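>>> predicted model follows, preceded by the sequence.
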Amino acid sequence: MSSGTIALVGNPNSGKTTFFNALTGSNQYVGNWPGVTVEKKEGSFTYRGKEYHVVDLPGTYSLGAFSEDEIVARDYILTGNPDVIINVIDASNVERNLYLTTQLLEMGKRVVIALNMVDEAKRRDIEFDIQGLSKRLNLPVVPTIASKEKGIEDIIKVAIQVMEKKPPVKSPLKYNEVIEHHINHMEEVLKGENLPYPLRWTALKIIEGDREVIKKLNKSILNQKAINYIKDFFKYHSSGDFELEIIDARYAFAHSIVDGTINRPEEDVITITDKIDKIFTNKYLGVPIFAIIMLIVFQLTFALGQDTLGGVVAYLVEGLGSLIESFLLGINAPGWLIAFMIEGVINGVGTVIEFVPIITVLYLLLGFLEDSGYMARAAYVWDDLMRKLGLQGKAFISMIIGFGCNVPGIMSARTLDNKKDKMITILINPFMSCGAKLPIYSVFIAAFFPNHGGLILFSLYTFGIIVGLILAKIYSKTLFKGESSYFIMELPPYRIPTIKNVLRNMWDNVYGFIKRAGTTIFVVITLLWVLAVLPASAQPYGEFSILGRIGAFLAPIFKLAGFGTWQESVALFAGIPAKEAVIGTLGMLYASEYVEEGALLVNAIRQHFTSLTTLSYMAMTLLYTPCVATLGIIKKETNSYKWMIYMALSSFVIGWIVAVLIFQIGSLLGFS
Amino acid sequence: MLKEILRIINREGYISIVSIAKELNISGQLVEDGVKQLVRMCYILEEKTGEDCSTFCGNCPFAKNCSKEIVKTYNISDKGINFLKK
Ligand SMILES: Nc1nc2c(ncn2[C@@H]2O[C@H](COP(=O)(O)OP(=O)(O)O)[C@@H](O)[C@H]2O)c(=O)[nH]1
C-alpha cells in the first residue's frame, strides 16, 4: 500500500533519469502512457517503513501543448493527483530551468526543488544562495548530486514533509493589468462549471490561446454562455499578443528569482565567441580573414590531398589496371574489351577516382569550418559587403553551398521571394567552382604549378566569386532593378566541431563523388570511348575517329585561347554532362599516346599545354557552361528555358573571353 | 525577455546568440529558447533552405548533403513588425 505518489518533473538533461534511478534503485518498471507512444517510468522506494510511489514524467522544457511529452506531463500533473512534485533542476542552468518551474507553480501543486548537478555547477564557479532561492520561490530547495546519490535522502525527507503538512502553493506570478483583468473575467465566467483543471490555470490557458485546453472545454463541460464568452474573446483579441506577454512574464519571473541569488560567471563559450567575433566579424578584417582561412584550406587540401595522399590512390588505380589487364589477357578476352577496360574505364573513370583524396581533404576542412560555426560568420561578413554593393547578402550563402554543388546552391534561392534577389542568386551561382571541377584543376596544377597548388586553387575560387559579383552588380543595374529583400542571419556560438558531423559531411561528399564516377561519368566516358574507337578503319583515339572529327570541328573555337587541339576541345564539351568527365576524357585520349608508367595524365598534359594555356584552360573550365544538372535546375527554378539557354551561352562566352584574354595578354607579356 | 530579443534582432539585423546573451545578461541557451519561442509564435519566421517536397532528388548522389543548413536565416513577420511598432 503506497503512502503517497511523487512525480518527477524536469528539463531534458537535468539528470532526472539518474535522479529517478537513485530514488527507486531497481524497483522500477516501464510502461506506456495511455493513448500515446511516450514511455512511462514508475518505481517505488521505502522510507521509514512506508512505501512511496514515484512517477517519472517525460523531460520537457515547458508544460504547454507543443509536444506529446508536454501534454502527457501536464495532464498527469493536473489530473493524476501526485501528492508532491519534485522538480529536478540543472544547477548550471537555473534560469532556463525555472521557466518550467513557473508553469508548475501556476498549476497550484505541492512542489519541491532538487537543485541537481551542483558539483558540475561548482566546477563552473557558479555561486548559489540556496536559502535566498527558496525564499523567493517560496519552495523548499535541496541541493543534490544524483550521479553520486548525494542529497537524495534529504530531498525524500523534505518531499514527504511537504506532502504531509504543506498546503499546495499559490503562484507568486502576477501578469500585467490587462492580462490580470482578462483572467479575472474569465474566472468569473468559468466559476461553478465542472472544470477538469484548476480555475485560474484554465482561465490563463484560454487567454494564452492553448488549443488543447480550449478543445477540452466543450459543451459537455461548459454552458452556452461561457462558450459564447470564449468565442467573443477570440473575436476581439484574435491578434493575440497575450501569449507573448504571458510567456515573457514567466521569463521575467525566472530572471527575478536568480538575479542576486545565483552568481554565474560569464560562460566560456560566450566569452570566447565574443572575443573571436570581435576580430572575425570586424568590418575591415572580416573579409581578409575569410580569404586567409580559405587560402589555408586550399593549401592544406593540396598538400595533403594531392602531394601526400594523391599518389597512393593513383598507384592503386594503376595497379588495379595492370591486374585487370593481365587477367583479361589470361582469359583471352577480346581485344575491344581489353581496350575498353584499360583505356576507357581505368584511364578514363579511374583518373577521376584518383582525386578522391583531394576531395576528401577539402570537404573535411570545409565541414570543420561549417560545424565550428565559422561559415555563418563568413556569410555575415559577406552579407555586409554585398549589401554595400547593393546586392542581396543571402546570395553568398547560396554561393557557399555552390562550392559543393551548384544544384543545391541554386535551389537555396528558393527562399527568396523577391524576384530580383532570386534571379541574381541563381544566375551567378554557376560561377562558384563546384567540387566536380576540383580534379581538373588538380591535374593541371600538378603538371605546371606543383609548388603553388593552394594559391592557384584559391585564386580560381576567388576569381569565380569576383566574376559572380561583377555580374550580380550588372544584373541589378540592368535586368532586375529594385529593392533587395531583407533577412536575418543567425550567428550561433562557436563550438568545437564534432568528429561525427565533420566525418559525415566528408563522407557524404566523397560518396557522392565516387558514386558519380561510377554512374554518370562511366556512362559519358563509355559513350566517348565508342566514338573514339570508331570507325574501325580509323586509328583508335586518333583524329580520324568520330570523336577526333568532332573535336577537329570544335577546335578552331579555342585557337585564340591557346588550346586548340581536338582532344582538349572535346574534353571541354564532355564536361557539360558532368565536369569530372573533362579529366576522364583527357585521361582516355592522352593515355594511349604515352605508355610509360607513373603520372600518366600529368605527363601528357605537360606535353600538350604550357603554363599559360593551362591558366586559360582552367579559367575556361571555371566559367564556361555549367553541367546539365545545373542547367536543369535553372530551368526548373526560373521556370523558363530562356534563362537556361541564356546561362549556357553567356557563361560559355564569358569563359571564352576570359580564356582568350589570359592567353593573349600573357603572350604579349612574353609568358608561355 | 522575448520582447527584448525581438527588439535587438530588429535593431541589429542579425541574431548573434552571444551578443544578445551578453546584452540581456542571460545564458546563451536561454537566448536560443527565446528565439525558438518567437519562431513558434510566428514573430519571426525561419527560412528553410534546401530540399523540400517539390524537389525530385531521385538518385542524385549528393541528395544527402543537399538539405543541410549552413546558416540559419529568418525574417521578422508582419506580426513581429506590428508588435515592435506598439
Ligand atoms: N556531475 C553530475 N552529473 C550528473 C548528475 N546527475 C546526472 N548527471 C549526468 O548527467 C547526464 C544526464 O543525465 P540523465 O539522468 O540522463 O538526464 P535526463 O535527460 O534529465 O534524464 C548523465 O551523464 C548523468 O550521469 C549530477 O548530479 N552531477
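Ah, there it is. Numbering: from 1, shown residues only, chains lettered A, B, ... in the order given.

>>> contacts and neighbour counts: CA atoms only from here.
Fine.

>>> send me the helix or strand where A:Met399 lies as CSV with only the CA atoms.
Applying DSSP states H and E as the criterion places A:Met399 in helix A:394-404. Extracted C-alpha coordinates of helix A:394-404, given in CSV (Å, rounded to 0.1, in the frame of the first residue of the first chain):
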residue,chain,number,x,y,z
LYS,A,394,21.9,35.9,-49.0
ALA,A,395,23.3,35.2,-52.3
PHE,A,396,26.5,34.5,-50.5
ILE,A,397,25.0,31.6,-48.6
SER,A,398,23.9,30.1,-51.9
MET,A,399,27.4,30.7,-53.1
ILE,A,400,29.0,28.8,-50.2
ILE,A,401,26.6,25.9,-50.9
GLY,A,402,27.5,26.2,-54.6
PHE,A,403,31.2,25.4,-53.8
GLY,A,404,29.9,21.9,-53.0
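
>>> could I get the buried residue list for it?
Using 16 or more other Cα atoms under 10 Å in any protein chain shown as the test for burial, helix A:394-404 gives A:Lys394, A:Ala395, A:Phe396, A:Ile397, A:Ser398, A:Met399, A:Ile400, A:Ile401, A:Gly402, A:Phe403, A:Gly404.

>>> near chain B at all, the helix or strand just after it?
Counting by DSSP H and E, the next helix or strand C-terminal to helix A:394-404 is helix A:406-411. Yes: applying Cα under 8 Å from any Cα of the partner chain, one finds that helix A:406-411 is in contact with chain B at A:Pro408, A:Met411.

>>> name the residues of helix A:406-411 that are buried.
For helix A:406-411, the neighbour count (16+ other Cα under 10 Å) marks A:Asn406, A:Val407, A:Pro408, A:Gly409, A:Ile410, A:Met411 as buried.

>>> ok, back up a step: show me the contact partners of the helix holding A:Met399.
Helix A:394-404 is touched from outside by A:379, A:382-383, A:408-410, A:412-413, A:421, A:424-425, A:429-430, A:432-435, A:487, B:70-71, with contacts defined as Cα atoms under 8 Å, 6 or more residues apart in numbering or on different chains.

>>> with adjacent residues omitted, what lies nearest to residue 28?
Here I'm looking at chain A. Spatially, and ignoring its direct neighbours in sequence, A:Gln28 is nearest to A:Gly43 (3.9 Å; Cα to Cα, 6 or more residues apart in numbering or on different chains).

>>> right idea, wrong chain: chain B
Leaving aside its sequence neighbours, B:Gly28 sits nearest to B:Ala21 (Cα to Cα, 6+ apart; 5.4 Å).

>>> could you list the contact residues of chain B toward chain A?
So chain B meets chain A at B:1-3, B:9, B:13-19, B:21-22, B:27-30, B:41, B:47-51, B:60-62, B:64-67, B:70-76, B:83 (Cα under 8 Å from any Cα).

>>> in chain B, what residue is nearest the ligand?
Proximity of chain B to the ligand (Cα to the nearest ligand atom) peaks at B:Gln29, 15.9 Å away.

>>> just how off-centre is the host helix or strand of A:Ala532 within its chain?
Following DSSP H and E, one finds A:Ala532 within helix A:522-533. Centroid displacement of helix A:522-533 relative to its chain, using Cα atoms, centre = their mean, to the nearest Å, is 38 Å.

>>> C-terminal to that helix, what's the next element?
Defined by DSSP H and E, the subsequent element after helix A:522-533 is helix A:546-554.

>>> pull out the buried positions in that following helix.
Buried residues in helix A:546-554, defined by neighbour count with 16+ other Cα under 10 Å: A:Ile546, A:Leu547, A:Gly548, A:Arg549, A:Ile550, A:Gly551, A:Ala552, A:Leu554.

>>> distance to the ligand and pLDDT added to the residues you listed, as TSV?
TSV is the format used below for the buried residues of helix A:546-554 (distance: Cα to the nearest ligand atom, whole Å; pLDDT from 0 to 100):
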residue	distance to the ligand	pLDDT
A:Ile546	68	84
A:Leu547	64	83
A:Gly548	67	83
A:Arg549	69	84
A:Ile550	66	85
A:Gly551	65	83
A:Ala552	69	84
A:Leu554	66	83
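
>>> could you dump stretch B:19-28 to CSV, C-alpha only?
Extracted in CSV, the C-alpha atoms of stretch B:19-28 (Å, rounded to 0.1, in the frame of the first residue of the first chain):
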residue,chain,number,x,y,z
SER,B,19,25.8,39.3,-28.1
ILE,B,20,22.1,39.0,-27.1
ALA,B,21,23.1,36.9,-24.1
LYS,B,22,25.6,39.5,-23.1
GLU,B,23,23.3,42.4,-23.5
LEU,B,24,20.5,40.8,-21.5
ASN,B,25,22.8,39.1,-19.1
ILE,B,26,21.3,35.6,-19.6
SER,B,27,22.7,32.4,-20.8
GLY,B,28,23.2,31.5,-24.5
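
>>> would you mind listing the buried residues in that stretch?
For stretch B:19-28, the neighbour count (16+ other Cα under 10 Å) marks B:Ser19, B:Ile20, B:Ala21, B:Lys22, B:Ile26, B:Ser27, B:Gly28 as buried.

>>> who's in contact with that stretch?
Residues contacting stretch B:19-28 (Cα under 8 Å, 6+ apart): A:93, A:96, A:267, A:270, A:274, A:493, B:1, B:5, B:8, B:17-18, B:30-31.

>>> of all the buried residues of helix A:394-404, which comes closest to A:Val287?
Closest approach between the buried residues of helix A:394-404 and A:Val287, by Cα to Cα: A:Phe396, at 12.5 Å.

>>> tell me the pLDDT of that closest one.
Looking at A:Phe396, its pLDDT stands at 81.

>>> buried ones in stretch A:456-471, by neighbour count?
By 16+ other Cα under 10 Å, the buried positions in stretch A:456-471 come out as A:456-458, A:460-465, A:467-469, A:471.

>>> can you redo these as JSON lines with distance to the ligand and pLDDT?
Listed next are the buried residues of stretch A:456-471 as JSON lines, based on distance: Cα to the nearest ligand atom, whole Å; pLDDT from 0 to 100:
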{"residue": "A:Ile456", "distance to the ligand": "48", "pLDDT": "91"}
{"residue": "A:Leu457", "distance to the ligand": "45", "pLDDT": "90"}
{"residue": "A:Phe458", "distance to the ligand": "44", "pLDDT": "92"}
{"residue": "A:Leu460", "distance to the ligand": "48", "pLDDT": "93"}
{"residue": "A:Tyr461", "distance to the ligand": "44", "pLDDT": "92"}
{"residue": "A:Thr462", "distance to the ligand": "46", "pLDDT": "92"}
{"residue": "A:Phe463", "distance to the ligand": "49", "pLDDT": "94"}
{"residue": "A:Gly464", "distance to the ligand": "48", "pLDDT": "94"}
{"residue": "A:Ile465", "distance to the ligand": "46", "pLDDT": "91"}
{"residue": "A:Val467", "distance to the ligand": "51", "pLDDT": "94"}
{"residue": "A:Gly468", "distance to the ligand": "48", "pLDDT": "91"}
{"residue": "A:Leu469", "distance to the ligand": "48", "pLDDT": "89"}
{"residue": "A:Leu471", "distance to the ligand": "52", "pLDDT": "91"}
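
>>> Serialize those to CSV and add fields for secondary structure.
Rendered in CSV, the data for these read as follows (DSSP: H, G, I helix; E, B strand; the rest coil):
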residue, secondary structure
A:Ile456, helix
A:Leu457, helix
A:Phe458, helix
A:Leu460, helix
A:Tyr461, helix
A:Thr462, helix
A:Phe463, helix
A:Gly464, helix
A:Ile465, helix
A:Val467, helix
A:Gly468, helix
A:Leu469, helix
A:Leu471, helix
